[in-house]
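J.: Sharing a sequence plus its predicted fold:
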Amino acid sequence: MSGASLYLGLISGTSTDGIDAALVRFHDAPADARCELVRGRTYAWDADVRARLVALGQGRDGVSLDELGSLDVQVAHAFCEAALALLAEAGVDRAQVRAIGSHGQTVRHRPEREFPFTWQMGDGNVIAERSGIATVADFRRRDVAAGGHGAPLMPAFHAAMLHSPDEDRAVLNLGGIANFTLLPRQGDVRGFDTGPANALLDAWCERHLGHAYDADGAFAASGAVDRALLARLLDDAWFALPPPKSTGREQFHLDWAERRIGGAARTPQDVQATLLELTAATVADALRATQPDTRRVLVCGGGVRNPVLMARIAARLSGVVVESTAAHGLDPDFVEAMGFAWLARETLAGRPGNLPSVSGAKGPRVLGVVYPA
């Protein structure tokens, strides 16, 4: 199209609940960050591949190098298939797409170790080769190499799309892990993870109901918050760490929760209600501690579809408007996938994609590795 370019963003988040694919149209003016979603869809994982990814993400070891290498390629094939399926549904020829921005699937995130690293599976070579489209991948590791956390990476995109000069805002992503982007009327953009969101809720629901997620929060709504258990969950030292900070499923997983549940007699629905309250409490506490004058929280990610969770967050943030990013023109299901399309565009233009005020990196860095078509 004249005056516009198409990019395609791909991500599977911490919950490993599917591959989000977003076809995004950008204006060609270099300084114009505006974009619009042309088409978005979530594609299911193969059940066996998903089970292996979840196990890896929760820090379970004992996997051979052959298994890891094979899984890296399988993830890339799944991401490529999602991209091509989306283009077919949109009736768009692959030659019209400038590039794919692929986040991959995080299986380990250790930014605070002596030798820090983060690892997202899904070989960009394979995606570029199979799709015939230039692919930008491996976005997080350059920021980690520069002393940052490599996460969250969406604040620059959130700032471009959702900043307001009239009020202090925050963007809340309720994925497997919850994270904030703080958008003050004036001053630096900040961002950080707040703790578990859907990763724990989904895992507990799947174990006790056999369902991949708690539809409409009904399972949690059927229980009551166990205050003693909530206090034990909140006692984890990670919650008291100051930003910049990030985390993942390798820290907040079912084994972590069960160690705190202990041997006390608690119903599964009461635990689910308590896990949901943990997310609401840590989100609200983090916002009050870091940007107390926030007037509006814009929510994206799978958690926006959980009315019980949304209501509890709103209840704990009295006087703050809590609403979906849909109210501001961004489909909450595809904000992150759109963001990786945006990051691919920044990379190809030679512009930094990180914000040192968010990640703690030594400075702005061009992110990702480009795999030509």
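T.: Nice, thanks for sending it over.

J.: you'd agree residue 201 is up against residue 274?
T.: No: between residue 201 and residue 274 there is no contact under C-beta atoms under 8 Å: 10.5 Å. Placement of C-beta: from N, CA and C, glycine included.

J.: mean confidence for the longest helix seen in the chain?
T.: The longest helix of the chain (DSSP state H) is helix 65-90. Averaged across helix 65-90, pLDDT comes to 97.

J.: residues contacting residue 179?
T.: 151, 152, 154, 172, 173, 191, 192, 193, 194, 246 (C-beta atoms under 8 Å, 6 or more residues apart in numbering).

J.: what about residue 344, distance to residue 4?
T.: Going from residue 344 to residue 4 by C-beta to C-beta, to the nearest Å gives 15 Å.

J.: now do residue 166
T.: Distance from residue 166 to residue 4, by C-beta to C-beta: 29 Å.

J.: With neighbour numbers in mind, choose between the two.
T.: Regarding residue 166 and residue 4, a neighbour count based on other C-beta atoms under 10 Å identifies residue 4 as having more, with 13 against 8.

J.: tell me the phi and psi of the residue nearest to that one when sequence neighbours are not counted?
T.: What sits nearest to residue 4 in space, not counting adjacent residues and going by C-beta to C-beta, 6 or more residues apart in numbering, is residue 25, at 5.2 Å. Main-chain dihedrals, residue 25, degrees, to the nearest 10: phi -100, psi 130.

J.: Any idea what residue 25 is bridged to?
T.: residue 6, residue 36 (DSSP bridges).

J.: neighbours of it, just the number please.
T.: 16.

J.: Can you name the residues that contact it?
T.: Contacts of residue 25 were listed using C-beta under 8 Å, 6+ apart, and they are 1, 4, 5, 6, 35, 36, 38.

J.: before we move on, the earlier item: which of the contacts of residue 179 lies closest to residue 338?
T.: Nearest to residue 338 among those is residue 154, at 9.4 Å by C-beta to C-beta.

J.: Which pLDDT value goes with the closest one?
T.: Predicted confidence (pLDDT) for residue 154: 97.

J.: Which among the contacts of residue 25 count as buried?
T.: Neighbour-count burial (16 or more other C-beta atoms under 10 Å) applied to the contacts of residue 25 gives 5, 6, 35, 38.

J.: export those residues to JSON lines and tack on distance to residue 293?
T.: JSON lines is the format used below for those (distance: C-beta to C-beta, whole Å):
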{"residue": "5", "distance to residue 293": "37"}
{"residue": "6", "distance to residue 293": "39"}
{"residue": "35", "distance to residue 293": "29"}
{"residue": "38", "distance to residue 293": "36"}
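
J.: out of those, who's nearest residue 95?
T.: residue 6 (10.2 Å).

J.: Understood, closing this out.
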